[in-house]
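A.B. asks: Show me the folded form of this:
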Amino acid sequence: MKLGLQLGYWGAQPPTGVAELVAAAEESGFDSLFTAEAWGSDALTPLAWWGRDTTKLRLGTSIVQMSGRSPASIAMHALTLDHLSNGRFILGMGVSGPQVVEGWYGQAFAKPLARTREVVEIIRKVLAREAPVTNDGPHHRLPFDGPGAVGLGKPLKSIVHPLRSDIPIWLGAEGPKNVAQTAEIADGWIPIFYTPKSSGMYQPWLDEGFARPGARRTRADFEITATCHLQITEDDGPARQAVLDRLKPTVALYMGGMGAKEANFHKQVFERMGYERITDEVQKLFLAGDREGATALIPDELVDDMHIVGTASAVKERVAQWEETGVTTLLLSCRTGDEVRRIAEVLG
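C.D. replies: Alright, predicted model coming up:
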């Protein structure tokens, strides 16, 4: 199992110390570097900025929100970054949620599975560069012939020859149908709350996708990149508990504060994981402004399952458990270069 560094998306201000993190990851033998986006910083610019000082790390997005750019625009980003990185780019994409898609990007959220399939098909046409790109699908018609069209649209082929026509496309997916489609059409999967305890839930969904006619990959060459926070503590008592407590507000945010009350896909994942007894109350408190009350409901066992926290020996055991479930890359959030180097030392 490989290790990746997850830089995530920015908060109110750009993060500090990132160059040190990236240098430590490169020096310590990490495999990859990933950036994310929500509704502030974008994923692609920081990846290019910090990735310019690397020579070995694979550079990926987790995830590019598909509604924020046209498929052709996403393909342009991908082929550009792949050239600049000498073939190290991974295109991670996802549909986001209705609040962001309709409220931030001003696009319709309906039929996310069909839209995902169409976006992937168009991107692969651009990268293949076998013919001018056309698409008859209902979501991204090329050339465009809908309301407002002047009728002069022309099928085009990329001016730039892609360095690789098969740039890896990984998809973020949470529900059964989306995970199955990811196994069918993508090169990898970026789950948001994949854990050792919940891993069994996903296996039938993945198997369904791999078994479909024309599936692109098999389990043997399909990548699963799971994100977690890994921290080595001095003991498995107070020091470990302090880290778990620090992680609980983020869990409460995703369980209770992300998405709309009627459509929080992250909350649904927690319910599938067996925490339906608390999800409604966490959401109720969070949306009412009582974040402390929502956080207090998050159990230690959930945070412990989602992350890897403990002494060096305990961390090694836990990492092995994640690997046994089929995870090919563990994507880690770290705070300092020393943490990165210590993790590499312990797991090396």
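A.B. asks: Tell me what the closest residue to residue 327 other than its chain neighbours is bridged to.
C.D. replies: Leaving aside its sequence neighbours, residue 327 sits nearest to residue 226 (C-beta to C-beta, 6 or more residues apart in numbering; 4.8 Å). Yep, even glycine has a C-beta here, placed from its N, CA and C like the rest. Beta bridges link residue 226 to residue 330 when assigned by DSSP bridges.
A.B. asks: quick one, helices of the chain?
C.D. replies: Listed in chain order, the helices of the chain (DSSP state H) span residues 18-27, 44-51, 71-84, 98-103, 112-128, 176-185, 199-210, 238-252, 265-270, 276-287, 291-296, 300-306, 312-324, 337-347.
A.B. asks: Turn those helices into JSON lines, including distance to residue 36.
C.D. replies: Shown next, in JSON lines, are these (distance: least, C-beta to C-beta, whole Å):
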{"stretch": "helix 18-27", "distance to residue 36": "13"}
{"stretch": "helix 44-51", "distance to residue 36": "9"}
{"stretch": "helix 71-84", "distance to residue 36": "15"}
{"stretch": "helix 98-103", "distance to residue 36": "13"}
{"stretch": "helix 112-128", "distance to residue 36": "18"}
{"stretch": "helix 176-185", "distance to residue 36": "18"}
{"stretch": "helix 199-210", "distance to residue 36": "21"}
{"stretch": "helix 238-252", "distance to residue 36": "13"}
{"stretch": "helix 265-270", "distance to residue 36": "14"}
{"stretch": "helix 276-287", "distance to residue 36": "21"}
{"stretch": "helix 291-296", "distance to residue 36": "22"}
{"stretch": "helix 300-306", "distance to residue 36": "17"}
{"stretch": "helix 312-324", "distance to residue 36": "20"}
{"stretch": "helix 337-347", "distance to residue 36": "18"}
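A.B. asks: Which among these is found nearest to residue 157?
C.D. replies: For residue 157, the closest of the helices of the chain is helix 112-128, at 8.3 Å, according to C-beta to C-beta.
A.B. asks: What about the closest residue in space to residue 58 that isn't next to it in sequence, how many residues nearby?
C.D. replies: In this structure, residue 58 finds its nearest non-sequential neighbour in residue 32, 4.0 Å apart by C-beta to C-beta, 6+ apart. Each residue near residue 32 was counted by other C-beta atoms under 10 Å, and the total is 22.
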